[in-house]
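1. for reference, the sequence and a predicted model appear below.
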Amino acid sequence: MSRKVKKPIGIGIIGSGGIAQAAHMPGYAAYPDLCRIVAVADINPEVAKAAAEKFNVPHVFTDYRDLLKLKEVDAVSVCTPNYLHKQPTIDALEAGKHVLVEKPMAMNAQEGREMLAAAKRTGKKLQVALNMRFSTGVRTIKRFIDAGKLGEIYYARAQALRRRGIPGWGVFTQKDKQGGGPLIDIGVHILDATLFFMGHPRPVSVSGMTYTKFGTREGVVGLMGQWDPKTYTVEDFAVGLVRFENDATLVIESSFCANIEHDIFNTTILGTEGGAQLNPLKLFREEEQTLLDITPYGLREVNSHQQEVYAFLQAIINDTEPEVTAEQGLMATEIIDAIYASAETGKEVVLK
């Protein structure tokens with residue numbers, strides 16, 4: 001139950017391009033009684049102006065630090081490329097603003113730890129925009145898990161696989177700006193959802209491998225636009241094995257490009273009392289000496305980005321912990337870091 005707001009929460013948007021205009025800004029606009037977007041900032045003035053006009057925003061900046069000076073800004077969404085997540089987040093927190101930062105939390109775990117430290121130091125909310133948490137399928141499976149219907153979860157297999165889905169725009173193929181390829185871009189979503197199902201047990205060791213078999217080649221079909229193979233510096237496939245303190249294990253696979261029948265975005269959960277898969281959504285149980293495949297019926301689909309924004313606003317209004325905490329975002333980033341490190345060294349990485 002949310003408290004009645006005395007005045008709408010003032011929102012600033014740092015980085016007002018694709019994800020801002022497609023997800024964050026419509027999300028805030030859906031709750032005019034709770035918030036209003038008062039400022040946007042983008043290094044490209046045309047992008048900033050277009051976003052402001054589209055959502056009727058009064059203040060437009062090319063330097064986010066000017067946005068942070070506005071007293072009417074209470075909270076911000078950081079919607080910049082990965083390599084520009086850390087500093088705007090820390091600056092916003094230290095300016096007294098709550099922050100919803102796009103996934104992944106940061107380029108690497110060290111950046112994430114600095115962001116988390118800033119949130120603790122300032123006492124402001126820091127939520128990571130892992131919107132899958134709010135999807136109908138994820139919420140449904142979690143209800144069954146919380147009710148004990150799956151028992152002890154001991155294994156999970158998470159997959160975010162595209163057949164031919166190397167992005168042909170942005171900086172998704174540049175490691176120095178993105179931090180990695182499909183694992184950090186789309187794999188982080190399914191990894192976070194799977195950790196959520198497992199209850200975020202503490203990871204203790206990680207082994208992984210990455211492959212670049214398509215991105216640097218000329219003539220590969222690009223169903224998401226054509227990229228430049230000469231500037232392609234990320235993996236196009238990654239796999240990792242994670243061991244947890246409670247002896248559970250998780251395998252994650254992620255690809256931009258792989259010779260498979262179709263794209264797969266799924267996680268499979270194995271528990272002692274039941275199992276589940278996300279896509280298509282099914283649960284598997286044994287009852288009365290009978291094996292059951294359970295297909296939920298009549299579920300209402302929701303806009304997960306909109307629900308993510310609502311959760312952020314509720315955390316501010318009610319002064320509660322965000323539903324996707326910085327600690328949880330950091331755990332996913334630490335695992336991704338360790339997969340990349342294991343791939344580079346050929347050795348298992350032990351997490352402290």
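-> Arrived safely, thanks for sending.

2. who does V40 bridge with?
-> I13, V60 (DSSP bridges).

3. if I look at Y28, how far off is P58?
-> Noted for Y28: a distance of 14 Å to P58, by CB to CB, to the nearest Å. Any C-beta I mention is one placed from the backbone N, CA and C, and that applies to glycine too.

4. give me the more crowded residue out of the two.
-> Ranked by neighbour count (other CB atoms under 10 Å), Y28 and P58 place Y28 first, with 26 against 12.

5. relative to G274, how far out is the more buried one?
-> From Y28 across to G274, the span is 38 Å (CB to CB).

6. now do the domain split for the chain, please.
-> Split into domains by automatic domain parsing, the chain comes to 9-132+313-318, 136-304+333-350.

7. wait, isn't I269 in contact with T194?
-> Yes. Contact criterion CB atoms under 8 Å: I269 and T194 qualify, at 7.4 Å.

8. for M132, helix, strand, or coil?
-> Here M132 is helix, with the state taken from DSSP: H, G, I helix; E, B strand; the rest coil.

9. ok, now which ones touch it?
-> V138, H189, I190, D192, A193, S304 (CB atoms under 8 Å, 6 or more residues apart in numbering).

10. and the residue nearest the centre of the protein?
-> In the chain, the centroid-proximal residue (CA atoms, centre = their mean) is L130; its distance is 3.1 Å.

11. right, and that one touches V101 too?
-> No. Using CB under 8 Å, L130 is not in contact with V101; the gap is 10.2 Å.

12. look up phi and psi at the closest residue to L150 other than its chain neighbours.
-> Once flanking residues are discounted, L150 sits nearest to G271: 3.4 Å by CB to CB, 6 or more residues apart in numbering. Main-chain dihedrals, G271, degrees, to the nearest 10: phi -130, psi 170.

13. name whatever forms a beta bridge with G271.
-> In this entry, G271 is beta-bridged to I153, by DSSP bridges.

14. how close does it get to G222?
-> For G271 relative to G222 (CB to CB), the value is 39 Å.

15. name the residue in those two with the higher neighbour count.
-> G271 (24 against 16).

16. check which residues of stretch 162-182 are buried.
-> Residues 162-167, 171-175, 177-182 are the ones in stretch 162-182 that count as buried (16 or more other CB atoms under 10 Å).

17. neighbours around E102, how many?
-> 24.

18. list the contacts of the nearest residue to it once chain neighbours are set aside.
-> With CB to CB, 6+ apart as the criterion, E102 has its nearest non-adjacent residue at 4.8 Å, and that residue is A129. Applying CB under 8 Å, 6+ apart, we find A129 in contact with A23, H24, S77, L100, V101, E102, K103, E308, V324.

19. list buried residues within these.
-> If we count by 16+ other CB under 10 Å, those have these buried: A23, H24, S77, L100, V101, E102, K103, E308, V324.

20. pretty sure the third one sits in a strand.
-> Yes. Residue assignment for S77, taken from three-state DSSP, places it within a strand.

21. who does it bridge with?
-> With DSSP bridges as the rule, S77 is bridged to I13, L100.

22. now do it against A106, distance only.
-> Distance from S77 to A106, by CB to CB: 15 Å.

23. how about the fourth one?
-> For L100, the distance to A106 under the criterion CB to CB works out to 14 Å.

24. now the helices for the stretch 101-250 of the chain?
-> 109-122, 136-146, 175-178, 182, 188-198 (DSSP state H, counting those that start in this stretch).

25. pretty sure D247 sits against Y154.
-> Yes. With contacts counted by CB under 8 Å, D247 reaches Y154, the gap being 7.2 Å.

26. no further queries at this time; thank you.
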